[in-house]
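In: Predicted structure and sequence below. I'll ask about it afterward.
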Amino acid sequence: MHLPFKWEFPGGKVEPEEDEQSCLQREILEELDLRIDIIASLTPVVYQYAGKSPIRLIPFIASCVRPLVKLREHRDSAWLAPEELPDLDWAAADIPIVEEFMNWWKVHKQQI
């Protein structure tokens, strides 16, 4: 694990036969044993950690179809209210996603 004590959103590499949404659904199922529905997309983030190749994060907002987490690749998980997300120690690449999500949440929370 590159950043073992930082919070990161789960995800992974898009396989040749899938789109970005299908990739996230597959990765979440593999990593957390969760089934999700995609609600919205956020702005992709390109970030380069020192000494590493650039990464491109393609974030989505999703809801859980079956919210029982089984950690398969992660050290910890947490169910938090959206207002609690900024308090976590996020990996640098994920911070713009948290910020955009918080803005999205302020506008859409009454609809969900």
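Out: Cool, got the structure.
In: and the one helix or strand in the chain whose mean pLDDT sits lowest, what does it pack onto?
Out: Ranked by mean pLDDT, DSSP states H and E, the weakest helix or strand in the chain is strand 60-66, scoring a mean of 88. Applying 3 or more C-beta pairs under 8 Å, 6 or more residues apart in numbering; DSSP states H and E, we find strand 60-66 packed against helix 20-32, strand 35-41. Just so you know, the C-beta spots here come from the backbone N, C-alpha and C atoms, and that holds for glycine as well.
In: What's the mean pLDDT across the first one?
Out: Translated: helix 20-32. Averaged over helix 20-32, pLDDT sits at 92.
In: hang on, the earlier thing: can you list the strands that the least confident helix or strand of the chain pairs with?
Out: strand 35-41 (antiparallel) (DSSP bridges).
In: Do a quick rundown of the helices in this protein.
Out: Per DSSP state H, the chain carries helices over the ranges 20-32, 95-108.
In: Now do the longest one and strand 35-41, the angle between them.
Out: Helix 95-108 and strand 35-41 are oriented at 80 degrees to each other (axes from the mean of the first three to the mean of the last three C-alpha atoms, to 10 degrees).
In: Tabulate the CA atom coordinates of helix 95-108 in CSV.
Out: Taking C-alpha atoms only, helix 95-108 is exported to CSV below (Å, rounded to 0.1, in the frame of the first residue of the first chain):
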residue,chain,number,x,y,z
ILE,A,95,-8.8,16.0,-1.4
PRO,A,96,-10.2,17.7,-4.6
ILE,A,97,-12.8,15.0,-4.8
VAL,A,98,-13.9,15.5,-1.2
GLU,A,99,-14.2,19.2,-1.8
GLU,A,100,-16.2,18.8,-5.0
PHE,A,101,-18.4,16.2,-3.3
MET,A,102,-19.1,18.5,-0.4
ASN,A,103,-20.2,21.2,-2.8
TRP,A,104,-22.4,18.7,-4.7
TRP,A,105,-23.9,17.5,-1.4
LYS,A,106,-24.9,21.0,-0.3
VAL,A,107,-26.9,21.3,-3.5
HIS,A,108,-28.4,17.8,-3.8
